[in-house]
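**Q** Got a predicted model here, sequence first, then my questions.
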Amino acid sequence: RYGSIILDDDTLNSIRVPRKIINGDEPYILSPKNDFLFRLLFGDDGNEELLASLLSSILHEEIEHVVIKNPYILKLFSEDKEAILDIKAAINSKKLVDIEIQLWNSPCLMSRILFYWARLYASQIKQGNDYTVLQKTTSILILDDLNHSSEDYHACSHLHDWKQHITLTDMIEVHVLELPKLHNLKQLDKSNTLLQWMLFFNAQTREELIMVSEANPVIKKATDLLITMSRDEETRQMYEAREEYLLGRQIEIQGAKGEGREEGRIEGRETERKDIAMKLIEEGMNDEFIEKITGLDIAVIRSLHNNR
């Protein structure tokens with residue numbers, strides 16, 4: 001159980017342990033897949049060059065000017081753990097963009113993406129304005145999960161009439177980039193800036209980070225900044241707290257899907273629960289949190305430390 005949520009075998013097997021980038025014998029490097037780190041890396045004042053390069057690679061257009069509309073504010077994040085850490089920006093003095101990264105494809109994710117798009121689009125018009133002030137608005141989701149059946153990791157959607165093959169308007173645009181689908185690529189075009197950024201997000205080791213940064217000076221700057229952030233104790237503590245929160249939210253959502261299944265599956269097998277507990281122990285999660293997730297007795301969890 002996790003709180004009042006009963007975890008079945010499928011849910012336990014789908015749990016992702018906290019994300020980290022292996023750094024040899026040194027403390028691990030924080031992963032840019034974490035939405036707190038993503039927001040800090042691309043949404044902080046002074047990091048506009050990083051955001052402009054990432055957006056340019058996704059939108060396939062040159063970005064000469066970018067203004068972050070909601071700069072990162074540490075105090076607000078500290079007070080609201082449920083905050084959606086998206087970045088709102090104006091590019092080339094007119095178009096609006098909302099970009100975020102998410103761990104998993106929750107049931108209402110696309111509805112929320114469209115809601116955020118609509119709110120940003122509507123925010124352009126003030127009392128007394130006419131509709132000519134409205135500019136193209138784009139939502140971008142980088143997803144560490146699967147969303148649709150296509151093999152391509154990058155999907156771009158507009159309002160389109162499929163029968164007459166016409167686009168109603170280009171004022172709405174939604175991009176979804178699915179990181180797990182990078183494994184489908186048979187050949188890696190290392191000169192492709194978008195692919196370079198996606199490999200940056202997907203890096204599992206310091207060596208992979210260094211390799212992708214060698215091909216792109218802006219990604220080299222992002223990598224250096226990421227390593228510097230990883231050495232900051234306060235940033236590291238906030239990162240780990242965010243990872244714990246995100247893991248708990250994932251369990252609540254996925255565990256709720258399993259409620260109502262047959263009793264034999266609802267309780268799950270203790271061996272699999274121990275496997276999950278061992279993963280979390282290896283990731284440095286505390287025993288009380290592991291107890292919440294797996295439902296194992298605290299004494300059992302402590303005994304697993306001796307089996308490492």
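**A** Received the coordinates, thanks.

**Q** A helix includes S139, no?
**A** No: counting by DSSP: H, G, I helix; E, B strand; the rest coil, S139 is located in no helix; its state is strand.

**Q** Count residues in the vicinity of the nearest residue to L199 once chain neighbours are set aside, would you?
**A** Counting by Cβ to Cβ, 6 or more residues apart in numbering, L199 lies nearest to V212, which is 4.6 Å off, once chain neighbours are set aside. In this view, the C-beta of every residue, glycine as well, is placed from N, C-alpha and C. V212: 22 surrounding residues under other Cβ atoms under 10 Å.

**Q** tell me, which strand in this protein spans the most residues?
**A** Counting by DSSP state E, the longest strand found in the chain is strand 166-178.

**Q** Output it in PDB with nothing but the alpha carbons.
**A** Coordinates of each C-alpha in strand 166-178 appear next as PDB, following Å, rounded to 0.1, in the frame of the first residue of the first chain:
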ATOM      1  CA  ILE A 166      -6.300  21.500 -44.900                       C
ATOM      2  CA  THR A 167      -5.100  23.300 -41.800                       C
ATOM      3  CA  LEU A 168      -7.700  25.400 -40.100                       C
ATOM      4  CA  THR A 169      -5.100  27.600 -38.400                       C
ATOM      5  CA  ASP A 170      -1.500  27.600 -37.400                       C
ATOM      6  CA  MET A 171      -2.300  29.600 -34.200                       C
ATOM      7  CA  ILE A 172      -2.300  26.400 -32.100                       C
ATOM      8  CA  GLU A 173       0.700  24.000 -32.200                       C
ATOM      9  CA  VAL A 174       1.500  21.200 -29.800                       C
ATOM     10  CA  HIS A 175       4.700  19.200 -29.700                       C
ATOM     11  CA  VAL A 176       5.200  16.000 -27.900                       C
ATOM     12  CA  LEU A 177       8.800  14.500 -27.600                       C
ATOM     13  CA  GLU A 178       8.900  11.000 -26.200                       C
END
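
**Q** in that strand, what counts as buried?
**A** 172-178 (16 or more other Cβ atoms under 10 Å).
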